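Asks: Dropping the sequence and predicted coords here.
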Amino acid sequence: MSQVVFEGVTKRFGDVTAVQELNLHVDDGEFMVLLGPSGCGKTTALRMVAGLEEITEGTLRIGDRVVNDVEPRDRDISMVFQSYALYPHMTVARNIESPLMVRTFDVGETAPRKLNRDERTERIVDAARTLGLENLLDRKPGALSGGQRQRVALARAIVSRPAAFLMDEPLSNLDAKLRAATRVELVELHRKLATTFLYVTHDQVEAMTMADRVAIIADGQLQQVGTPRDVYERPANLFVARFIGSPPANTFTGTVISGGVDTGAGVIPLDGSGTGPLHEGTPVIVGVRPEHLTIGDGPLAVRVRAVEWLGHERLLVCDLGGQTLTVRQGAGDPEVAEGTDVSVGVAPAHVMVFDPQSGEVR
Ligand code: ATP
């Protein structure tokens, strides 16, 4: 088991700064997810841990070792890629064995060595049992389903019992149903192995359902690190509020007045707690999640443009003075027809306030 620590880590490709002064402490045994939109630098951050990209500036530690100049094979990590990269001509057993054909760190050993045949067989059987592949060991990858191939890739990653696992979008080749099932399996695998997981994805559902903590990255810069609940309920800035949540938080520009924020199309009430001193006349951006809005008596007059029926809930896409406001309703809430004018209530305790310049929460 090992912590992974980024200290002021920067990666530049020519003029492009892919990762900028990243400071992140992944605790020993933690499941940390790096989450962000395409091109934000999360894969580059992971590849630096793997030793597949050089570090431009800063220090990277795995366990207590600075690994900036350590060869990938000497880092005691395993990586699972989006493309499973299995050897097509080898059986499942030989694929799982492949990392053991080079020197491997063994538990408690500080220098890598090559395991003997009996040790390797024991490892293969153990990894195959953990991933439920015992009956498929003689098959070749071409004779496996996508989900089975993905499990072989995971078995190959765990067979060398590394100090940390690095995973780059390992579920993106699976269909939605298998992805959901595999998320649960990965959480169970993490619990079983009790090893550090560093997992990259652009899919917030993966991040929210699997992570102990999520590190949200945009434009190469870390935006917030926290538990899934933290980043959802207490986003540090506008980017996080708009990125996390589906649909994301509604946001409006406005001006602070007594008891609320005047958006020009209605006043969003504030309860005054937790938002710091907000003087009347201060320009702000307010954010409200769709589930903190209710149809009925309230300060916002809207017209319902569309009703999206999702079975267990409905999303009402409304027009608020030319801006879009989305309201989430439970299946049991009173139904509202498209084209209706209604008023919307706001739960003041859940209203978020951001600085319009910096985007930081107030
Ligand atoms: P995705 O989810 O699309 O894989 P990402 O968040 O993982 O995106 P990276 O692959 O880390 O993003 O890329 C971050 C930035 O660095 C992008 O602007 C990308 O174009 C750039 N980049 C990555 N690798 C290289 C490279 N080898 N040469 C030049 N630029 C690169």
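Replies: All right, it came through fine. Residues are numbered from 1 along each chain as shown.
Asks: mind checking how far the closest residue to the ligand within the stretch 51-200 of the chain is from residue 235?
Replies: At 6.4 Å from the ligand, residue 200 is the closest residue in the stretch 51-200 of the chain, using CB to the nearest ligand atom. For every residue, glycine as well, the C-beta is placed using N, CA and C. Plainly put, residue 200 is 20 Å away from residue 235 if you go by CB to CB, to the nearest Å.
Asks: near the ligand, which residues of the stretch 151-300 of the chain show up?
Replies: residue 202 (CB under 6 Å from any ligand atom).
Asks: okay, and for the stretch 151-300 of the chain, where does confidence drop off?
Replies: Along the stretch 151-300 of the chain, the parts satisfying pLDDT under 70 run over 272-276.
Asks: what about the strands in it?
Replies: 164-168, 196-201, 213-218, 221-226, 250-257, 260-262, 267-269, 283-288, 293-309 (DSSP state E, counting those that start in this stretch).
Asks: how about JSON lines for those strands, with mean neighbour count added?
Replies: Supplementary listing: the strands of the stretch 151-300 of the chain in JSON lines, determined by neighbours: other CB atoms under 10 Å:
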{"stretch": "strand 164-168", "mean neighbour count": "23"}
{"stretch": "strand 196-201", "mean neighbour count": "24"}
{"stretch": "strand 213-218", "mean neighbour count": "24"}
{"stretch": "strand 221-226", "mean neighbour count": "20"}
{"stretch": "strand 250-257", "mean neighbour count": "18"}
{"stretch": "strand 260-262", "mean neighbour count": "20"}
{"stretch": "strand 267-269", "mean neighbour count": "20"}
{"stretch": "strand 283-288", "mean neighbour count": "21"}
{"stretch": "strand 293-309", "mean neighbour count": "16"}
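Asks: Now render those as a markdown table, adding distance to residue 332.
Replies: Formatted as a markdown table, those follow (distance: least, CB to CB, whole Å):
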| stretch | distance to residue 332 |
| --- | --- |
| strand 164-168 | 39 |
| strand 196-201 | 33 |
| strand 213-218 | 31 |
| strand 221-226 | 32 |
| strand 250-257 | 22 |
| strand 260-262 | 29 |
| strand 267-269 | 25 |
| strand 283-288 | 22 |
| strand 293-309 | 13 |
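Asks: you'd agree the residue of the stretch 51-200 of the chain closest to the ligand is up against residue 40?
Replies: No: counting by CB atoms under 8 Å, residue 200 does not reach residue 40; the two are 10.0 Å apart.
Asks: ok, how many other residues are close to the closest residue to residue 246 other than its chain neighbours?
Replies: Closest residue to residue 246 apart from its sequence neighbours, by CB to CB, 6 or more residues apart in numbering: residue 204 at 7.0 Å. Residues lying near residue 204 (other CB atoms under 10 Å) number 21.
Asks: With residue 194 instead?
Replies: The number of residues near residue 194, taken as other CB under 10 Å, comes to 9.
Asks: which non-adjacent residue is nearest it?
Replies: In space, residue 194 is closest to residue 29, 5.3 Å off (CB to CB, 6+ apart).
Asks: From residue 99, how far off is the one you found?
Replies: As judged by CB to CB, residue 29 and residue 99 stand 21 Å apart.
Asks: try residue 182
Replies: From residue 182 to residue 99 the distance is 21 Å (CB to CB).
Asks: repeat for residue 228
Replies: Residue 228 is 31 Å from residue 99, by CB to CB.
Asks: List the beta-bridge partners for the nearest residue to residue 223 once chain neighbours are set aside.
Replies: Excluding the flanking residues, the one nearest residue 223 by CB to CB, 6+ apart is residue 216, at 4.5 Å. Per DSSP bridges, the residues bridged to residue 216 are residue 35, residue 224.
Asks: dump the residue contacts of residue 216.
Replies: Residue 216 makes contacts with 35-36, 222-225, 231, 239-240, 243-244, as judged by CB atoms under 8 Å, 6 or more residues apart in numbering.
Asks: Please convert those residues to a markdown table, extending it with distance to residue 345.
Replies: Formatted as a markdown table, the contacts of residue 216 follow (distance: CB to CB, whole Å):
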| residue | distance to residue 345 |
| --- | --- |
| 35 | 32 |
| 36 | 34 |
| 222 | 36 |
| 223 | 30 |
| 224 | 29 |
| 225 | 33 |
| 231 | 26 |
| 239 | 27 |
| 240 | 25 |
| 243 | 26 |
| 244 | 23 |
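Asks: Nearest to the ligand, out of those residues: which one, please.
Replies: residue 36 (5.6 Å).
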